[in-house]
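Chemist: Generate coordinates for the sequence data below:
(3 chains)
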Amino acid sequence: MDIGKKIFILAKKLWSINRSLTGEGNRLTLKILKSVCDSMKIKEISTGSKVFDWTVPREWKVNFAYIIDPDGKKILDFSKNNLHLVGYSRPVDKKFTLKELNKYLFSLPKQPNAIPYVTSYYNDTWGFCLTHNQRKKLKKGYYRVKIDSKLFKGSLTYGEILIKGKSKKEIFLSTYICHPSMANNELSGPIITIHLAKWLRSIKKLNYSYRIIFISETIGSIAYLSRNYIKMKKNIFSGFNITCVGDNRTYSFLPSRNGKTISDIVALHVLKWKYKKFKKYTWRDRGSDERQYCAPGIDLPIASVMRSKYGDYPEYHTSLDNLGRVVTAKGLEGSYNLYQKILTLLENNYYPITKILCEPQLGKRNLYSKISKKDKKSIFKDRLLLDMFTYSDGKTSILEIAEKCSVSFWKLYDAFKKLEKMKLIKLNKMISISKERKKINNFISSKNK
Amino acid sequence: MDIGKKIFILAKKLWSINRSLTGEGNRLTLKILKSVCDSMKIKEISTGSKVFDWTVPREWKVNFAYIIDPDGKKILDFSKNNLHLVGYSRPVDKKFTLKELNKYLFSLPKQPNAIPYVTSYYNDTWGFCLTHNQRKKLKKGYYRVKIDSKLFKGSLTYGEILIKGKSKKEIFLSTYICHPSMANNELSGPIITIHLAKWLRSIKKLNYSYRIIFISETIGSIAYLSRNYIKMKKNIFSGFNITCVGDNRTYSFLPSRNGKTISDIVALHVLKWKYKKFKKYTWRDRGSDERQYCAPGIDLPIASVMRSKYGDYPEYHTSLDNLGRVVTAKGLEGSYNLYQKILTLLENNYYPITKILCEPQLGKRNLYSKISKKDKKSIFKDRLLLDMFTYSDGKTSILEIAEKCSVSFWKLYDAFKKLEKMKLIKLNKMISISKERKKINNFISSKNK
Amino acid sequence: MDIGKKIFILAKKLWSINRSLTGEGNRLTLKILKSVCDSMKIKEISTGSKVFDWTVPREWKVNFAYIIDPDGKKILDFSKNNLHLVGYSRPVDKKFTLKELNKYLFSLPKQPNAIPYVTSYYNDTWGFCLTHNQRKKLKKGYYRVKIDSKLFKGSLTYGEILIKGKSKKEIFLSTYICHPSMANNELSGPIITIHLAKWLRSIKKLNYSYRIIFISETIGSIAYLSRNYIKMKKNIFSGFNITCVGDNRTYSFLPSRNGKTISDIVALHVLKWKYKKFKKYTWRDRGSDERQYCAPGIDLPIASVMRSKYGDYPEYHTSLDNLGRVVTAKGLEGSYNLYQKILTLLENNYYPITKILCEPQLGKRNLYSKISKKDKKSIFKDRLLLDMFTYSDGKTSILEIAEKCSVSFWKLYDAFKKLEKMKLIKLNKMISISKERKKINNFISSKNK
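Modeler: All right, here's what the predicted structure looks like:
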């Protein structure tokens, strides 16, 4: 089966589970994801834990939630669509006039067919969401609101996968699992990421280690960082926040705060050479967990390659951001392939060094015409080999040489492999890590703490 | 009273005093300036003192100077307009034919109503200046020239104000007092500078110390440097040469030799955000005391923000550069305000450092909407706060962050103050000084001496 | 006699000698060149010597070579034009049908009047070259091929001139002597280079030493490098590969691999200010010995200033690249003058340092108008002097100051000499060497070996 379809099937399985910052929905989601890549570890952080400036909130559980309308009909039933209930709504069992109820209802006059996605994690309140068309039809009269929810000391749940490679240096992937029934802006992230994890595990010899986390947005990344940031700052060489990767309409790029890390450079190279058109955002457009990963004093090299970016497409944070209409198998497959290309490039971005001084004799290697004639182009059987060779000074990565030669990494990589096979160059596998890490360190102020 | 009018009244008081490189006119001018800011010290450097490549000239005194025309009429009377006499004219009492006299007369055929301003400091000569219209009316016949002047061993006079701040690092302001009856290209400088000094003294807690000098152009700054440059190179953090700041026609900027010092950056930021249109000169357009302050081996970070620049407006160095026509209360007030903005920016250009890791929780500080809905813009009550926060890494000044965020220093400063009040960032007041000084030092060659 | 004509006469003398990678023709050529500059040393490297990835080939000698056509007529006689025989052809004495012979014939259908220049140094083969018009006239029948050549253990010959200057730091010139009867793409190089050597020897006090070599392209430069590269990397400060310098059609520039060495900067400055229009190639257009001199691990600062570049003009590598048609006395003289300008600039590119602090007093040196009037431009008699002075900080070379002031090196050099004469600045002759060498060293990876 196509990988796109496989991922789409997983999406359907996870679609209707009620994910939030915390709760059983998140645990069930992680369990299903773990079934794709069983090395995932599921971890908990207790309610009330201090995580930097924040506190892990109470766990939220909903048994049922609906409204009985003046005709006695059950409407806005949470069990039919979890978007109807405002996230983290407290228990309610009370009658309201329509006028009173209206203060607790959310709809979008400009998108009258869409149910908005609304949350209120850190306030003691409640509410219901509905389409504007449905709202307009509500009659005067008494409405009985029934929310059987519970807010209690529990924990925040997250999943973590570590895939060990030759080096302790890590490539870090982060994605979030906290929005119910949101296809592009949530579900696309974890389902692609878990399949990337599966693929990485299938590779025999990885140069880098991979740390992959499935967390709740903001509070999850902050909680994770608060427990791991020293180790992360030491080990993470490159990384991406994987979100909004499911539709087939565009590709887009949001840089790290630094803007010039290896993550930024690789992402831009892949987009430029393999996808040509894409939208380029700036750090000021940030809005997801890169805000934490790149915060001052954290300073990790985390960038994002997305499809339609959160906040920038009409279906965003409404019931219209769904499977089929927005997220498609084709859209998912495209993003999956793109991240494979990015990770493959990172794995193979060696620093070649010449093994001989001066140019190699191409003739004896059958790469130079036996007869030297006027047309210089015809006598070199593979001109790119010499371009690769001339920059193999041990300090310039294949990616940097590709940029110098105005060719794609993959085209130049072939030249690199040929020269390596001919024993004309060797490689210094891990220099890239120390070099790139140094750049990041230079960016990080020693005065930061 | 408006500050512009106050400064203009001072200008009128000083207008007719005969200032030159040296002499009683300069002493009287300094005395009047001191009455505005009484911490000024008036100092003397003796005639004949060696100051680098130069020698302090003789002192010049004029008792009277005029010409008796063929009709016996007194014309070109120094006591009516000190521009009539060429600066540093030696004593003369002799008859001349008109033809002979003409060699000693200066007028401007292209500006027939203007008396030119002419000097000859270092040569034993004399001359008279007049409008070209008046010159054309001179009849044939004998003219008796009477100059009762004296050139004698005296001294060069200058004024100096030191205002102490928390740091020994100094902001340096220099202005000149050596042109008689020149409004924009002379008088505007000292009258604004003395009022800036008065204002600075009124401020309780200054971060920097301020050294402010009132000198003769070229020989004055060279003499001052020859006695103080080692200390100045050590202490001066930023500075400006204040000249041509009185008309209301334009703003202009002349960089330091380095071109990238904090003085250049601050001046350009203020001009860009507060005045929009302004003329930008290059170091090759220099012409005042920055030539000395930025000379190789001196290398101070001195820039100039002006109105109409010396040499670049029609009234320059003529009797037309006067109070009212060129220099106005409004023009003076504008420049005074501009320099207040520059100095305020320097005083407040802190290097903020985050006190917490990851983003602060805005919700508990009432800066995040209680209900999180689709429109990201509406849920952050002050998006600029987060932009300020994300760059608070301790190495980036408020000014640099403002440039990154494409907002003005003042807009960002508000965000800075809010975050500081919330105890989310702290500041490292004096890092700016050492950092900027280091940049200058890097620019200065150790091989310079 | 004009230098152009002198060089052209030398060209005629050398024209018909059979030069190749090796052989008596090369020895004779070097002997004639030595007669122009007798400090040349002629050296040999034995056949079979290992030189990096290459092996010095056998020596090649031709006694005679021709073909007897079906009518018994001698055609394609090597003694009449050495281009008729493919370089390094092995001995042959055999009859062929026209069809069989055709496999060994080379002609250019698109340039039917040109004999192509063909070689096959490292393969056991043979061949003849002819115009396409002549080829079309060949009748059917038997052709007797007679090649009396010899390939034997001998040596590779090269010439070397060392001219000592004050410093051990060297300027390196390399040119090649391995193409027979090729005017622009070969002969123009050695004949101009030997005259540059003669001129350099005539100069009394050289700041730099000059190392000048006359070698076979590729194998010659590789062999030379293999014996000398450690010393070369230590001593060579700047250098040029002199080739294709004989026609009068254009100037062109090919950078070093680094692209920003002193050789690149000086060459571009000379071309920009003295020749205005010229063609700029990139490192990817390389094709001569710079490939070896700039190879990774060798990293010498070698650039090329050429006329019509090899591979980029129609007569290239054909009998049409001849004296008169392509290479002219005027073309040669232009290139000779250009290289003189480049070397003169390198010799004189001092780092001036002020001897005084602040500006010098121009008045006492008669460089300032006795009377100071409105027009600032007229009162400075030589404004460029002050521009030169203001940048004389001991770290900025005359060339760099010229670029800052947007004037040519030569115009600024006059200002420099005047200030030096007035004892206002002094110079630090050799700082340029250490500074530039440091830049190169920074470029060279310490990890290279």
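Chemist: Next up, phi/psi of the spatially most central residue of chain A, please.
Modeler: Centre of chain A computed as the mean C-alpha position; nearest residue by C-alpha atoms, centre = their mean is A:I242, 0.4 Å away. Main-chain torsions, A:I242, degrees, to the nearest 10: phi -100, psi 110.
Chemist: Next: A:Y122.
Modeler: Here is the backbone geometry of A:Y122 (degrees, to the nearest 10): phi -110, psi 20.
Chemist: So it is in contact with B:G363, correct?
Modeler: Yes - because the distance of 4.6 Å satisfies C-beta atoms under 8 Å, A:Y122 is recorded as touching B:G363. To be clear about C-beta, it is placed using only N, CA and C from the backbone, and glycine gets the same treatment.
Chemist: Point out the residues in chain A that sit beside chain C.
Modeler: Contact residues, chain A versus chain C (C-beta under 8 Å from any C-beta of the partner chain): A:353-354, A:356-361, A:363-364, A:370-374, A:376, A:386-387, A:389-395, A:405, A:424, A:428, A:431.
Chemist: Report the buried residues of the longest helix along chain A.
Modeler: If you go by DSSP state H, chain A has its longest helix at helix A:329-348. Across helix A:329-348, burial judged by 16 or more other C-beta atoms under 10 Å in any protein chain shown covers A:329, A:331-336, A:338-343, A:345-348.
Chemist: what does stretch A:68-88 give?
Modeler: Within stretch A:68-88, the residues scored as buried using 16+ other C-beta under 10 Å are A:D69, A:I75, A:L76, A:F78, A:N81, A:N82, A:L83, A:H84, A:L85, A:V86, A:G87, A:Y88.
Chemist: Now the first one. Nearest residue, chain neighbours left out?
Modeler: Residue nearest to A:D69 in three dimensions, not counting chain neighbours: A:I75, with 5.2 Å by C-beta to C-beta, 6 or more residues apart in numbering or on different chains.
Chemist: contacting residues around that neighbour?
Modeler: A:Y66, A:I67, A:I68, A:D69, A:L130, A:Q134 (C-beta atoms under 8 Å, 6 or more residues apart in numbering or on different chains).
Chemist: What is the nearest of these to chain C?
Modeler: Nearest to chain C among the contacts of A:I75 is A:L130, at 63.2 Å by C-beta to the nearest C-beta.
Chemist: Next, count neighbours for the closest one.
Modeler: Number of residues near A:L130 (other C-beta atoms under 10 Å in any protein chain shown) recorded here: 23.
Chemist: same deal with A:S202?
Modeler: Using other C-beta under 10 Å: A:S202 sits among 8 other residues.
Chemist: Could you do A:I356 as well?
Modeler: Other residues near A:I356 come to 17 when the count uses other C-beta under 10 Å.
Chemist: so it makes contact with C:D53?
Modeler: Yes - assessed by C-beta under 8 Å, A:I356 is found in contact with C:D53 at 4.6 Å.
Chemist: can you list residues touching both of the two?
Modeler: Listed contacts common to A:I356 and C:D53 are A:L424; contacts here mean C-beta under 8 Å, 6+ apart.
Chemist: any idea whether A:E44 is helix, strand or coil?
Modeler: Three-state call for A:E44 (DSSP: H, G, I helix; E, B strand; the rest coil): strand.
Chemist: residues near it, how many?
Modeler: 14.
Chemist: again, but for A:R58
Modeler: The tally of other residues near A:R58 (other C-beta under 10 Å) stands at 20.
Chemist: Which residue comes closest to it once chain neighbours are left out?
Modeler: A:L151 (4.4 Å).
Chemist: can you pull the pLDDT of the one you found?
Modeler: Per-residue pLDDT puts A:L151 at 97.
Chemist: and what of A:A65?
Modeler: The model reports A:A65 with a pLDDT of 98.
Chemist: Could you check how far the closest residue to A:S89 other than its chain neighbours is from chain B?
Modeler: Excluding the flanking residues, the one nearest A:S89 by C-beta to C-beta, 6+ apart is A:W126, at 3.7 Å. Separation of A:W126 from chain B (C-beta to the nearest C-beta, to the nearest Å): 11 Å.
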